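**Student:** I would like the atomic coordinates for the input below:
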Amino acid sequence: MPGHNSSVVEVDGPWVHRAVSAGGTRFHVVEAGEGPLVLLLHGFPEFWWSWHNQLVSLSDAGYRAVAVDLRGYGASDKPPRG
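**Tutor:** Sure thing, here's the model as predicted:
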């Protein structure tokens with residue numbers, strides 16, 4: 001994903017980093033596990049790393065845990081400046 005420092009945002013672990021497009025915006029998501037989906041959204045001014053412990057715990061418990069970097073945070077697209 002261009003435009004960000006992957007060494008800071010895409011931390012290795014028992015999860016997978018993905019890019020998902022929605023409405024013309026690219027979102028960075030981190031996914032772990034299989035099973036029923038649990039969607040994790042961070043608050044201001046955090047990014048997906050806020051949920052790294054829960055990603056592992058939920059995955060171990062049989063869930064598919066997905067943490068999304070909201071627009072403008074982490075490795076998701078930034079809003080246009082103007």
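
**Student:** now Val16. Nearest residue, chain neighbours left out?
**Tutor:** Ranked by CB to CB, 6 or more residues apart in numbering and with sequence neighbours excluded, the top spatial neighbour of Val16 is Glu31, at 5.1 Å. C-beta coordinates here come from the backbone N, C-alpha and C atoms, glycine included.

**Student:** quick one, helices of the chain?
**Tutor:** Along the chain, counting by DSSP state H, helices occupy 6-9, 52-60.

**Student:** which of these sits closest to Leu70?
**Tutor:** Of all the helices of the chain, helix 6-9 sits nearest to Leu70, with 13.1 Å by CB to CB.

**Student:** got a pLDDT number for Trp55?
**Tutor:** In this structure residue 55 is Leu, not Trp. With respect to pLDDT, Leu55 scores 98.

**Student:** how about the helices of the chain in CSV, adding distance to Val16 and mean neighbour count?
**Tutor:** Converted to CSV, the helices of the chain look like this (distance: least, CB to CB, whole Å; neighbours: other CB atoms under 10 Å):
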stretch, distance to Val16, mean neighbour count
helix 6-9, 14, 12
helix 52-60, 10, 16
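
**Student:** include distance to Val38 when you put those into a markdown table, please.
**Tutor:** Below are those laid out as a markdown table (distance: least, CB to CB, whole Å):
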| stretch | distance to Val38 |
| --- | --- |
| helix 6-9 | 21 |
| helix 52-60 | 5 |
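
**Student:** mind checking how far the residue nearest to Val16 is from Lys78?
**Tutor:** From Glu31 across to Lys78, the span is 22 Å (CB to CB, to the nearest Å).

**Student:** check Val68 too.
**Tutor:** From Val68 over to Lys78 (counting by CB to CB), the distance is 15 Å.

**Student:** higher neighbour count, the two?
**Tutor:** A direct count of neighbours by other CB atoms under 10 Å for Val68 and Lys78 places Val68 higher, at 22 against 11.

**Student:** just list whatever residues bridge to the more buried one.
**Tutor:** With DSSP bridges as the criterion, Val68 is bridged to Val29, Leu41.

**Student:** so it makes contact with Leu40?
**Tutor:** Yes - at 7.3 Å, Val68 counts as touching Leu40 under the criterion of CB atoms under 8 Å.
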